[in-house]
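# I would like the atomic coordinates for the input below:
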Amino acid sequence: MSPESTTTGTRTRVRPHALVPDLHSWVDIAFTLALAAVALLAFGTSFTGATYLVVGMLGAVIAVVVTHLTRAAGWPVVSAVVICLVLFLVLGGPLGLRSLGDTYTLPGPTTLARVVDQAVFGWKDLLTTLPPVDGDGPLLVLPWLSGMVAGLVGLALAQRRPRRPWLAALLPVAGMTVVLAAVILLGVRRPQSLLLQGCVFTALALAWLALRARRASATVHGGTTSYVRGVGAVSMLALAAALAQPVSAIVVGDDSRRAVARNWVEPPFDIGRYPSPLAGFRKYVDLKGRADPANVYDKTLLDIEGVPAGTRVRFAAMDRYDGMVWGATDDALPGPADDSFQRVSSTIDNPVEGEPVAATVTLGEGWTGVWMPTVGALRSVSFETGDARATAEVFRYNLATSTAVVPTGLQSGDRYSFTAVSPDDELTDQTVGSAEVAPLPAGAAFIQGPSEKWTEGAGNDPMDRVLAAAEHLRTDGRYSDGIGRTERIYVAGHSTWRLSDEFVNAPQIVGNDEQYAATMALIANHIGVPARVVLGAVVPAGGRVTGKDVSAWVELRAADGSWRTLPTEAFMSTTPPADQVPETDTPMSGTVIPPPNPIPPPSDAGEQSDADLKERKATRKKKADEEDALIPGLPAWVGRVVTYVGLPLLAIALLLGAVVGVKALRRHRRRSAASPSARFVGAWRELVDHARDLGQPVPLGPTVTRREQSAGIVSAQAAVLARRADGFVFGPSAPEVAAATTYWESVDAERRAMSHEVTRWQRLRAAVSLRSLRRTTSSRDGDVGGAAPGPPPAPGRVTALARRVRGLTDWRSRRTPD
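Residues are numbered from 1 along each chain as shown. So this is what the prediction gives:
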């Protein structure tokens, strides 16, 4: 719309409304949203579904709208930050916490505290959870926050007008690049799309940079921008970006060295606190009539549906020997790898090839502990009994060892379903062992002599030597659980003493799965083939697994990185030892010294009870803290922080926002006054009030003219604006609306120039200053530019005299030449 000015005869372009973006603003908004979308797509490998993108883009759009409106209203950027913060807290519940229940969809203390908790600590949960996480879970607060930050940072920096043109062009692009880098750091080593994160983002950023650079150059040197040249530049940038993708793929290669925060963040979980399940193998053996409440030989451990008979069910994989036991660790593989016990969502990104499996497990009376039976490599898991949500939140899984843990424990009656992939783990004659160096554990030097002796004549191939050692154990060894009267000398355990003096170096090799599997894994590691011990069971017909089905086997790492199963029967004998009654020495003195008591077999029952006791104590303490907390469901300190820090800060923000809002309302009323003359008067008053808020000594009073006030305003155009206002207000004809709009634009530009001349702190202080709001007397529209503090107007003749004086002053202003 281009109304004509009747006073000058020229055409003045006027925007339909001050809040409507102009062409340059639309360009900045479009690039900000486009770059925000590309940056948010980096979350694609961290979340399931596309809800994260919808929530994130909604945050970006809201932030862009708020930033533009506050800028158009003349508010400082801090007002946009405060408004976005309030909207983030208010809308964070219904957008990010919907999965927690209806109580979190309404803003309240609990909802606000949970939103703050996810914003502050959610990144830890994201980095320590095996991706992708649930796309509808509470971690949606992170994309919601990232989108708002992207929209706010991008457009706020685009609206900045620094003195250097190159800085004006670079600021928003640099800000959006930082946002992309932050999202990538929170992602995974495999990018969602190298084309999007690299080429498309770079092309958009360079195109925006080129357009803003030309715009800034035209502003400084005069003239207009050439959009034909702009389109050409953008086309060249798009071509360069298209060529960059294949070139970068050739030069850079894979993403193994991609820097993400997951490489440095340690999951807050220590699997070493739980005892080795292999140490408690004796509870699965036949006691031959002896009574032991801890024994589960005949008890049902689990019922599994969906897998054929002969399938191996994994209880736990143990990959480190410390001289006492084989145990599970959080660092199974060298280098950066998914080899720790991480939180997982209902869907697990497990890149393993094999036969798909869909199974349901119901735990029986004989199952207790933290280890969770699974098959193959998990793809998804769903708990169906008890507090399923709480169990899913604490569930941990190790991708490298395919071992699952529920720290709060599992018990009889628990039921869960999972999908998995059963890989091809058969060990064949063509299997080549891994060339990775597997250092011999400390204290296991005793295995060197026997392994060298047993592999003589097997050649130099490591896998052949491992199989030769396994064959020697199977043929020369004997099997015993140490239950019979003559076999009680064969104690449980797999410490260095039990495996050396009482097994490989003993006159006769005797033991059960525990000793055979532990020794076989040590031999393989000594030879040079990485090995680990797995405790599990082979599913019988019907799917009911009891204690007698439990066994321990060894897995060997092949050259292709897969783990191949060395079954128990390949290295363990089933032949019982010859009857042997322990001999006792009779001293010459005639005193009979009884033989030493056999070492009791180690069991994980007591240790597990201690671990369970600690877990229960921690759970009770946590529940007590939650009951004492100011906000139920969260730690007490979160409630205290929200109450004693968050609420006062929110109150201060609301008060400061109220001051900014009152000034904005006052500005709107002045700008939209009924008559054009009143709009001129209001514009001048706006300039005077802005100068006063900046701390400038502007004279006020009923007899002070605008030209006198302009002398107290530190502005190059104040005097010119004062004369223009007097000319239109007291001119021979009523001013036009277009002229008032143009005058307002000039005043707004001068206000920005005045703010630019002071420090940022002074601008912030001026935005919330009450100086311009403290007015004890007011003047009429079309009168003077300000009001003077003083007593209220006197009635009667004094008031009439004051009006005559103001009229005389106005007459003198009209008669004074410019």
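# which of the residues in stretch 757-771 are buried?
763, 766, 767, 768, 769 (16 or more other Cβ atoms under 10 Å). Placement of C-beta: from N, CA and C, glycine included.
# Kindly confirm whether my reading is correct that the fourth one touches residue 659.
This means residue 768. Yes - look at residue 768 against residue 659 with Cβ atoms under 8 Å: they come within range, at 4.9 Å.
# next one: phi and psi at residue 535?
Main-chain dihedrals, residue 535, degrees, to the nearest 10: phi -100, psi 130.
# looking at it, residue 100 is touching residue 140, isn't it?
No - using Cβ under 8 Å, residue 100 is not in contact with residue 140, being 10.7 Å away.
# These two: which has the busier surroundings?
Legend: neighbour count by other Cβ atoms under 10 Å for residue 100 and residue 140, higher for residue 140 (27 against 17).
# Please report how far the more buried one lies from residue 94.
11 Å (Cβ to Cβ, to the nearest Å).
# As CSV, the buried residues of stretch 757-771 with distance to residue 391 and pLDDT would be great.
Shown next, in CSV, are these (distance: Cβ to Cβ, whole Å; pLDDT from 0 to 100):
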residue, distance to residue 391, pLDDT
763, 53, 85
766, 55, 86
767, 51, 86
768, 50, 84
769, 56, 85
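# and residue 520, what does it touch?
Residue 520 makes contacts with 469, 470, 473, 531, 554, 566, 571, as judged by Cβ atoms under 8 Å, 6 or more residues apart in numbering.
# So which of these is surrounded by the most neighbours?
Counting neighbours by other Cβ under 10 Å, the top entry in the contacts of residue 520 is residue 554, with 30 neighbours.
# Contact partners for it?
Contacts for residue 554 (Cβ under 8 Å, 6+ apart) come out as 517, 520, 521, 524, 531, 532, 533, 534, 565, 566, 571.
# Likewise for residue 660?
75, 76, 79, 767, 768.
# of all those, which comes closest to residue 433?
When these are ranked by distance to residue 433 (Cβ to Cβ), residue 79 comes first, at 66.4 Å.
# Around that closest one, count how many other residues there are.
For residue 79, using other Cβ under 10 Å, the count is 26.
# same deal with residue 753?
13.
# A helix includes it, no?
Yes - Residue 753: assigned to a helix according to DSSP: H, G, I helix; E, B strand; the rest coil.
# With adjacent residues omitted, what lies nearest to it?
Distances taken as Cβ to Cβ, 6 or more residues apart in numbering place residue 715 nearest to residue 753, at 7.1 Å, with adjacent residues excluded.
# Verify the contact between that neighbour and residue 694 for me.
No - if you go by Cβ under 8 Å, residue 715 and residue 694 don't touch, sitting 10.1 Å apart.
# what is in contact with those two at once?
Common neighbours of residue 715 and residue 694, counting by Cβ under 8 Å, 6+ apart, are residue 754.
# Look at those two and report which has more neighbours.
Applying other Cβ under 10 Å to residue 715 and residue 694 shows that residue 694 carries more neighbours, namely 22 against 19.
# Nearest spatial neighbour of the more buried one, chain-adjacent residues omitted?
Using Cβ to Cβ, 6+ apart and skipping the chain neighbours, the partner closest in space to residue 694 is residue 766 (4.9 Å).
# just the helices in the stretch 601-750 of the chain please.
604-628, 636-641, 647-671, 676-693, 706-711, 718-729, 737-756 (DSSP state H, counting those that start in this stretch).
# Which of the ones you listed sits closest to residue 384?
Nearest to residue 384, of the helices of the stretch 601-750 of the chain and by Cβ to Cβ, is helix 604-628 at 21.5 Å.
# Next one: the residue sitting nearest the centre point of the chain from residue 480, what distance?
Centroid-nearest residue in the chain, with Cα atoms, centre = their mean: residue 123, separated by 3.0 Å. Residue 123 sits 53 Å away from residue 480, going by Cβ to Cβ.
# mind checking the end-to-end distance for stretch 476-490?
Start-to-end span of stretch 476-490 (Cα to Cα, to the nearest Å) is 16 Å.
# try stretch 289-300
End-to-end distance for stretch 289-300, by Cα to Cα: 18 Å.
# picking that back up, so the residue nearest to residue 694 lies in a helix, does it not?
Yes - Residue 766 forms part of a helix when assessed by three-state DSSP.
# Contacts only, for it.
Residues near residue 766 by Cβ under 8 Å, 6+ apart: 690, 693, 694, 695, 755, 758.
# Now the two most distant members of the residues you listed.
Every pair of the contacts of residue 766 checked by Cβ to Cβ; the farthest is 695 and 755, at 12.2 Å.
# quick one, which of these two is more surrounded?
Using other Cβ under 10 Å, the more surrounded residue of residue 695 and residue 755 is residue 755, with 18 against 13.
# for the stretch 451-600 of the chain, which spans come out with low pLDDT?
Residue ranges of the stretch 451-600 of the chain with pLDDT under 70: 579-600.
# residue boundaries of the helices in it?
Assigned by DSSP H, counting those that start in this stretch, the stretch 451-600 of the chain shows helices spanning 462-476, 496-499, 513-527.
# now, of those helices, which is deepest in the fold?
Among the helices of the stretch 451-600 of the chain, helix 513-527 has the highest mean neighbour count (mean count of other Cβ atoms under 10 Å), at a mean of 27.
# how far out from the middle of the chain is that helix?
With Cα atoms, centre = their mean, to the nearest Å as the basis, helix 513-527 stands 41 Å off its chain's centre.
# swap in stretch 147-166?
With Cα atoms, centre = their mean, you get 25 Å for stretch 147-166.
# And for stretch 663-673, what's in contact with it?
Residues from elsewhere that reach stretch 663-673 (Cβ under 8 Å, 6+ apart): 18, 73-75, 678-679, 681-683, 685-686, 689, 744, 767, 772-773, 781.
# which of these count as buried?
So, by 16+ other Cβ under 10 Å, the buried ones in the contacts of stretch 663-673 are 18, 73-75, 678-679, 681-683, 685-686, 689, 744, 767, 772, 781.
# If we only consider these, which is nearest to residue 413?
Using Cβ to Cβ, residue 75 comes nearest to residue 413 of the buried ones among the contacts of stretch 663-673, at 60.6 Å.
# Tell me where the model's unsure across the stretch 201-350 of the chain.
Residues of the stretch 201-350 of the chain that meet the criterion pLDDT under 70 lie in 216-268, 332-338.
# those helices in it, which residues are they?
Ranges of helices in the stretch 201-350 of the chain, per DSSP H, counting those that start in this stretch, are 201-221, 227-252.
# what about the residue lying closest to residue 344 once chain neighbours are set aside, how many residues close to it?
Nearest non-adjacent residue to residue 344, counting by Cβ to Cβ, 6+ apart: residue 130, 4.1 Å away. Neighbourhood size, residue 130 [other Cβ under 10 Å]: 25.
# Pretty sure residue 130 sits against residue 348.
Yes - Residue 130 lies in contact with residue 348 (Cβ under 8 Å); the separation is 6.0 Å.
# Identify the contacts common to those two.
Counting by Cβ under 8 Å, 6+ apart, the residues touching both residue 130 and residue 348 are 397, 399.
# mind checking pLDDT for residue 54?
You'll see residue 54 listed with a pLDDT of 94.
# quick one: the helix or strand hosting it to helix 737-756, angle?
Counting by DSSP states H and E, the element that carries residue 54 is helix 51-72. For helix 51-72 against helix 737-756, the angle by axes from the mean of the first three to the mean of the last three Cα atoms, to 10 degrees is 100 degrees.
# How far does helix 51-72 sit from its chain's centre?
Averaging C-alpha positions (Cα atoms, centre = their mean) puts helix 51-72 20 Å from its chain's average.
# Just want the angle from that helix to helix 647-671.
Counting by the same axes, to 10 degrees, helix 51-72 lies at 50 degrees to helix 647-671.
# how about the next helix-or-strand element following helix 51-72: buried residues?
Next along the chain after helix 51-72, taking DSSP H and E as the criterion, comes helix 77-96. Applying a neighbour-count criterion of 16+ other Cβ under 10 Å, one finds 77-84, 86, 88-89, 91-93, 95-96 buried in helix 77-96.
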